[in-house]
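Asker: using only what follows, build the 3D model:
(one chain, ligands or ions: 1)
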Amino acid sequence: MKILMVCLGNICRSPLAEGIMRHLANARGLDWEIDSAGTGNWHVGHAPDQRSIKEARRNGIDISQLRGRQFQADDFDTFDRIYVMDHNNYADVLRKARNESDKAKVQYLLPRQQEVPDPWFDDALFAPVFKMIYEACEQLTAQQQ
Ligand code: 4NP
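Answerer: Residues are numbered from 1 along each chain as shown. From the prediction side, this is the model:
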């Protein structure tokens, strides 16, 4: 299965989601391919935010080599599932959908359409954001066994 994690900048939340999901899928022997992208283009080619790198490292996951890229319509062809972090990401990704099959691939990462808050302006959010994403990814990998 091919999974794409999407947020706004692709430097705070979705690189964490990519690193965490890859870590958990590997640990559970799942043959999944994981990638991430942002709906915006400000951070194309950039490494993840230092605060995300640090929080991931504190939890034994290295995301320092990831680089930002922008979500594009042909990601719908490549990926089976596209997980978004918040309502804006959901609307922005759906706007690029070309048909019902594209739309059906888009889901919120958290259950019940809850949002993963954007931690960009609040250092204190990185730890809870990591935890929220980790627990959601644990649920998703557990459902596959
Ligand atoms: P992310 O956080 O969407 O979790 O990567 C953000 C990073 C950068 C910006 C916004 C959100 N920005 O406006 O540059």
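Asker: how about stretch 47-60 against the ligand, any contact?
Answerer: No - on the criterion C-beta under 6 Å from any ligand atom, stretch 47-60 is out of touch with the ligand, staying 6.6 Å away. Every C-beta, even on glycine, is put in place using the N, C-alpha and C of the backbone.
Asker: likewise for stretch 123-142?
Answerer: No - Stretch 123-142 is not in contact with the ligand by C-beta under 6 Å from any ligand atom; minimum separation 8.0 Å.
Asker: list the buried residues in that stretch.
Answerer: Leu125, Phe126, Val129, Phe130, Met132, Ile133, Tyr134, Ala136, Cys137, Leu140, Thr141 (16 or more other C-beta atoms under 10 Å).
Asker: tell me which of these is nearest to Arg28?
Answerer: Nearest to Arg28 out of the buried residues of stretch 123-142 is Thr141 (C-beta to C-beta; 5.2 Å).
Asker: just give the nearest non-adjacent residue to that closest one, would you?
Answerer: Excluding the flanking residues, the one nearest Thr141 by C-beta to C-beta, 6 or more residues apart in numbering is Leu24, at 4.7 Å.
Asker: who touches that neighbour in this structure?
Answerer: For Leu24, the contact set (C-beta atoms under 8 Å, 6 or more residues apart in numbering) comprises Tyr134, Cys137, Glu138, Thr141.
Asker: show me what the longest helix along the chain is in contact with.
Answerer: Taking DSSP state H as the criterion, the chain has its longest helix at helix 126-142. Contact with helix 126-142 is made by 12-13, 16-17, 20-21, 24-25, 28, 30, 51-52, 54-56, 59, 109-111, 116-117, 119, as judged by C-beta under 8 Å, 6+ apart.
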